[in-house]
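1. I'd like to go over a predicted model; first the sequence, then the structure.
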There are 2 protein chains.
Amino acid sequence: MPNRTESAEDRLIARHFRPLAKNPGALGLVDDAAVIAPPAGCDVVLTTDGVIAGVHVFPEDAPGDVARKALRMNLSDLAAKGATPLGFLISLALPGSIDDGWLAAFATGLGADAERYGCPLLGGDTDRTPGPLSVSIAAFGAVPNGKMVRRATAKAGDRIVVSGTIGDAALGVLLRRDQSLAKRWRLSDAMSTHLRERYLLPQPRNALACAVLQNASAAIDVSDGLAGDLAKLCRASGVAAEIDVARVPLSDAVRAAIAADPAILETALSGGDDYEIVATLPTDKLATFNAAARAAGVAVSEIGRIAVGEGARFVRDGKALHFAQPSYSHF
Amino acid sequence: MPNRTESAEDRLIARHFRPLAKNPGALGLVDDAAVIAPPAGCDVVLTTDGVIAGVHVFPEDAPGDVARKALRMNLSDLAAKGATPLGFLISLALPGSIDDGWLAAFATGLGADAERYGCPLLGGDTDRTPGPLSVSIAAFGAVPNGKMVRRATAKAGDRIVVSGTIGDAALGVLLRRDQSLAKRWRLSDAMSTHLRERYLLPQPRNALACAVLQNASAAIDVSDGLAGDLAKLCRASGVAAEIDVARVPLSDAVRAAIAADPAILETALSGGDDYEIVATLPTDKLATFNAAARAAGVAVSEIGRIAVGEGARFVRDGKALHFAQPSYSHF
């Protein structure tokens, strides 16, 4: 018999989310707040990001993938700051069309990634909304006192490295909207699948966080496009960046699309949702960083250098590229 | 000249929110994340709550009041846990109808309360939405290690105290929806204004946090109604509560409404949005708690006792009241 003093929200939380709240700090999701004891000698890194159906995810995306994308966007921010995840709060606004089956699948996806990345659910807030589904997450991580890797601390002479490959998700979302592009870009089925999956589900580089923390002079999560995010890092640090476009890591699928339509290069370099890490490194840290990245199983590529000046220049065959829209924005 | 690599979101944040981000941990809102150094020997208390236009606030509410309400809901959670505010993250979903003037007023209200309660803006996330305005806040506070005041730790024999007055906001929102109730309830203009203002703008009891931390065996923020929230505390603690209804603190306005319509008593005791604190205290802590509350300038009333058993009983003239809907839920 349901307890008459429990609200529908309490029952929803108990059914779907309490099983995920294994961390003692979550207090079984039955308190006003959660509580964490940050590791001694550590600062707490705080970030928030989220998705709105129809803006950041397609309304028809699988609920588990929506949950995982929202969590992974935040995990990517923690990774770029060199932080080890401590946990997260989730704020859900649910339209009336969301049913129990949807929530069960959402919670399953969320729980799987919370386990995978060692980032436990600590608490949250659930409301009904007359608008679209919205998932907002605030995530927390630990770094040794004063050691968070910032955007504002790149130095002239530093090398620039980037993880993974760039542009897959930007092409993936175009493919989601227009399937005929696969033919125009002469993509194999495997290539199309690769691009779509890179958009659907980011692969945050938390395995690289320790290498970033120990070696990077500055770093940023690439979520609004390599060109735009590198420009932000340069602006915050008061430096310039020069990128050798030939060295920017591209997947076979992106290379195929560029071969079919050279204008796609700009899309790849300035489109969003990569969730890779760009870091700057003093030259003498490069070898150590590369070894740590190999140990972590994350591919990294050196793509350029920080210099005196301002702005991020992308150079190909000795000429600077000019982007019509250097930064992607959902806004 | 606007920097061409800055997005509309970047400019909005720079214009309205960067002036509020004075705490060094906010890094001027130009990094992926914020960073705080929790005071040595302290745990970090984490909570999240928010408002959606048309659900928790009226679409026509003044933007500064919407901002303050969203922040104060979270401050109230921190107060009930005995925590001192450390700061907050804000996640905004903005419909197209929100203009620059609205945002300026919103940020002004937010900044005023961040100063007033010593809870600085640390970071956030801003998106456009096809749905209603949504403001989600995650707030952080500090308590000495292991000392967060929980819901689950009330003991049989403890006294039950509550801050402020109960039921004002529940009547205030009814008045907002139907102005003719003021006449039916025989309210003076001052009484009507009092009830509306208590709904519009909670008065979180952060001044009481220290007294709660040092004396309470358990506590809960009263946001879903005194009856429902006390039932949650009892369930979490595995105890019963007996409340002497005659001792529940009511404002003159609520007393007037009950005199005109006795059924309003249930609305007052079970309606939401009080943002008061219910705490349980060992009997030998009561005098110290009362003195600390007076020193803090917060009215507190002893309203009953914790007993062995289950459920929260509200007793008037020797008889237990029965509530049709013991807990308010926006859900």
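-> It's in.

2. Can you name the residue of chain A nearest to chain B?
-> Nearest to chain B in chain A, going by CB to the nearest CB, is residue A:131, at a distance of 1.8 Å. C-betas here are computed from N, CA, C, even on glycine.

3. Let's verify that residue: helix, strand, or coil?
-> coil (DSSP: H, G, I helix; E, B strand; the rest coil).

4. So what's the predicted local confidence for it?
-> In this model, residue A:131 is scored at 95, pLDDT.

5. Residue A:210 too?
-> The score at residue A:210 is 97. That number is its pLDDT.

6. my guess is it contacts residue A:292, does it?
-> Yes: if you go by CB atoms under 8 Å, residue A:210 and residue A:292 touch, sitting 6.7 Å apart.

7. Around the nearest residue to residue A:42 once chain neighbours are set aside, count how many other residues there are.
-> Counting by CB to CB, 6 or more residues apart in numbering or on different chains, residue A:42 lies nearest to residue A:142, which is 4.2 Å off, once chain neighbours are set aside. Neighbour count of residue A:142, defined by other CB atoms under 10 Å in any protein chain shown: 19.

8. Can you name the helix or strand that residue A:142 falls in?
-> Per DSSP states H and E: residue A:142 is located in strand A:134-144.

9. now do residue A:122
-> Using DSSP H and E, residue A:122 falls in strand A:121-128.

10. Residue A:42 and residue A:147, how far apart?
-> 9 Å (CB to CB, to the nearest Å).

11. which one of those two has more residues nearby?
-> residue A:42 (19 against 16).

12. For that one, name its beta-bridge partners.
-> Counting by DSSP bridges, residue A:42 forms beta bridges with residue A:144.

13. In contact with it: list those residues for me.
-> Residue A:42 sits next to A:142-145 when contact means CB atoms under 8 Å, 6 or more residues apart in numbering or on different chains.

14. Nearest to residue A:230 among the residues you listed?
-> residue A:143 (22.5 Å; CB to CB).

15. and the gap between the closest one and residue A:213?
-> Per CB to CB, residue A:143 is found 6 Å from residue A:213.

16. just to revisit the earlier point, okay, now the sheet partners of the strand holding residue A:122, with direction.
-> Applying DSSP bridges, strand A:121-128 is found paired with strand A:84-94 (parallel).

17. right, and the helix or strand after the helix or strand containing residue A:213?
-> Per DSSP H and E: residue A:213 is located in helix A:209-215. For helix A:209-215, the succeeding helix or strand toward the C-terminus, using DSSP H and E, is strand A:218-222.

18. circling back: look at residue A:210 and residue A:292 and report which has more neighbours.
-> Counted by other CB under 10 Å, residue A:210 and residue A:292 do not tie: residue A:292 has more neighbours, with 20 against 16.

19. hey, where'd the strands end up in chain A?
-> Along chain A, the segments classed as strands by DSSP state E run A:34-36, A:42-52, A:84-94, A:121-128, A:134-144, A:159-163, A:218-222, A:240-244, A:276-281, A:300-307, A:311-316, A:319-320.

20. of the contacts of residue A:42, closest to residue B:217?
-> Of all the contacts of residue A:42, residue B:217 sits closest to residue A:142, with 30.9 Å by CB to CB.

21. got a list of what that closest one touches?
-> By CB under 8 Å, 6+ apart, the residues touching residue A:142 are A:38-39, A:42-45, A:83-84, A:86.

22. Can you tell me how far it is from residue A:41?
-> According to CB to CB, residue A:142 and residue A:41 sit 9 Å apart.

23. Now for the closest residue to residue A:133 other than its chain neighbours, how many residues are close by?
-> Nearest residue to residue A:133 in three dimensions, chain neighbours excluded: residue A:53, at 4.1 Å (CB to CB, 6+ apart). Using other CB under 10 Å, residue A:53 is surrounded by 23 other residues.

24. do residue A:260 as well
-> Neighbour tally, residue A:260, other CB under 10 Å: 14.

25. Is it correct that it is in contact with residue A:183?
-> No: in this structure, residue A:260 is not within contact of residue A:183 by CB under 8 Å, at 9.5 Å.

26. returning to that earlier point: filter the contacts of residue A:142 down to the buried ones.
-> Using 16 or more other CB atoms under 10 Å in any protein chain shown as the burial test, the contacts of residue A:142 include A:38, A:42-45, A:83-84, A:86 as buried.

27. Of all those, the one with the weakest confidence?
-> Out of the buried ones among the contacts of residue A:142, that is residue A:38, at 93.

28. Now do the contacts for that residue.
-> Residue A:38 makes contacts with A:44, A:86, A:142, B:38, B:43-44, as judged by CB under 8 Å, 6+ apart.

29. Give me the local confidence score for residue A:326.
-> Here the pLDDT value assigned to residue A:326 is 68.

30. How about residue A:5?
-> We have a pLDDT of 54 for residue A:5.

31. go on, residue A:316?
-> pLDDT, residue A:316: 94.

32. who's in contact with residue A:184?
-> Residues in contact with residue A:184, defined by CB under 8 Å, 6+ apart, are A:260-261.

33. So residue A:8 versus residue B:50, what's the distance?
-> As judged by CB to CB, residue A:8 and residue B:50 stand 18 Å apart.

34. Just want to know which of the two has more residues nearby.
-> Shown here are residue A:8 and residue B:50; by other CB under 10 Å, residue B:50 has more neighbours (26 against 12).

35. Distance of that one relative to residue B:180?
-> From residue B:50 to residue B:180 the distance is 31 Å (CB to CB).

36. just residue A:175 next, same as before
-> For residue A:175 relative to residue B:180 (CB to CB), the value is 58 Å.

37. if I look at residue A:216, how far off is residue B:256?
-> To residue B:256, residue A:216 is 65 Å away according to CB to CB.

38. Of these two, which one has the most company?
-> Each of residue A:216 and residue B:256 has its neighbours counted (other CB under 10 Å); residue A:216 has more, 26 against 19.

39. In this structure that one contacts residue A:148, no?
-> No: checked against CB under 8 Å, the pair residue A:216 and residue A:148 is beyond contact range at 10.8 Å.

40. can you list residues touching both of those two?
-> Common neighbours of residue A:216 and residue A:148 (CB under 8 Å, 6+ apart) are residue A:82.

41. Now do the contacts for residue A:170.
-> A:199, A:225, A:267-268, A:270-274, A:328.

42. can you count the residues close to residue A:90?
-> 29.

43. which ones are touching it?
-> Residue A:90 touches A:17, A:70, A:110, A:121, A:123-125, A:135-137, B:48, counting by CB under 8 Å, 6+ apart.

44. just those residues now: which is nearest residue A:152?
-> Distances from residue A:152 to the contacts of residue A:90, taken by CB to CB, are shortest for residue A:137, at 24.7 Å.

45. Could I get the contacting residues of the closest one?
-> A:48-50, A:70-71, A:73-74, A:88-91.

46. what do you get if the cut-off is 6 Å, keeping everything else the same?
-> Neighbour list for residue A:137: A:50, A:70-71, A:74, A:88, A:90 [criterion: CB atoms under 6 Å, 6 or more residues apart in numbering or on different chains].

47. shared neighbours, residue A:143 and residue A:213?
-> residue A:82.

48. The two: who's more crowded?
-> Higher neighbour count among residue A:143 and residue A:213: residue A:143, with 24 against 20, using other CB under 10 Å.

49. So residue A:226 sits against residue A:164, correct?
-> No: taking contacts as CB atoms under 6 Å, residue A:226 lies outside contact range of residue A:164: 11.0 Å.

50. coming back round to it: Serialize the strands of chain A to CSV and add fields for distance to residue B:22.
-> Converted to CSV, those look like this (distance: least, CB to CB, whole Å):
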stretch, distance to residue B:22
strand A:34-36, 25
strand A:42-52, 16
strand A:84-94, 24
strand A:121-128, 27
strand A:134-144, 20
strand A:159-163, 31
strand A:218-222, 23
strand A:240-244, 29
strand A:276-281, 27
strand A:300-307, 29
strand A:311-316, 28
strand A:319-320, 38
